[in-house]
Every structure is written in C-alpha cells, then in structure tokens.
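K.L.:
Need a 3D model of the following:
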Amino acid sequence: MSEPKKSPTPKLAPRHPLTLNADQDALLTEMATLVYYSNGFTYTKPMMKLVKSIADRATPTAQRACLAAHVG
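P.N.:
So this is what the prediction gives:
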C-alpha cells in the first residue's frame, strides 16, 4: 500500500464572513496601507482593538496553529 500524501501546509480552520462597520473598515485599510507601504509604524489603540476582535474569532487551537506556522 502506498502512504497517504501529506499536505505541505496545515489546513486552516473554517472562517466566518467578516463584517466591518465603516470605522473598522477605515482602520483596517489604514493598517494594511501602513504595513505594506511603510518601513514600520506604531499601532494605535483603536487598531489594536480591531485586530484583537478579528483574532479572537479564531479558536485557541487555530490561533496556535497560525502562530506556529509564522514563527520567525
């Protein structure tokens, strides 16, 4: 018998649709712009609150898997 193929990347947990209000959308757009187009910046408290609310939607197991996959 042949051995089953292993996936090169772990399967991610299913995600629910993300619904943002206008303020959250503006903050996330600002964060994405700063991350992509700058050499570094400091997150504001509203940005951190939004990021935490998004991250907290994942289960603890999914959070650990995400962190383990992006070490370094």
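K.L.:
tell me the contacts of the spatially most central residue of the chain?
P.N.:
Nearest to the mean C-alpha position of the chain, counting by C-alpha atoms, centre = their mean, stands Ala55 at 6.2 Å. Neighbouring residues of Ala55 by C-beta atoms under 8 Å, 6 or more residues apart in numbering: Gln63. For every residue, glycine as well, the C-beta is placed using N, CA and C.
K.L.:
out of all of them, which helix in this structure is the longest?
P.N.:
helix 22-37 (DSSP state H).
K.L.:
So which residues make contact with that one?
P.N.:
With C-beta under 8 Å, 6+ apart as the criterion, helix 22-37 contacts 20, 41, 43, 46-47, 50-51.
K.L.:
after it, next one along is what?
P.N.:
The C-terminal neighbour of helix 22-37 among helices and strands, as given by DSSP states H and E, is helix 45-55.
K.L.:
hang on, the earlier thing: for Asn39, see how far away the residue nearest to the centre of the chain is.
P.N.:
Note on Ala55: its distance to Asn39, by C-beta to C-beta, to the nearest Å, is 24 Å.
K.L.:
Give me the below-cutoff pLDDT ranges for this structure.
P.N.:
1-14, 72 (pLDDT under 70).
K.L.:
To what extent is Ser38 buried, counted in neighbours?
P.N.:
8 (other C-beta atoms under 10 Å).
K.L.:
Could you report the separation of it from Val71?
P.N.:
Ser38 is 23 Å from Val71, by C-beta to C-beta.
K.L.:
Please apply the same query to Asp25.
P.N.:
30 Å.
K.L.:
And the two? Which one has more around it.
P.N.:
Asp25 (12 against 5).
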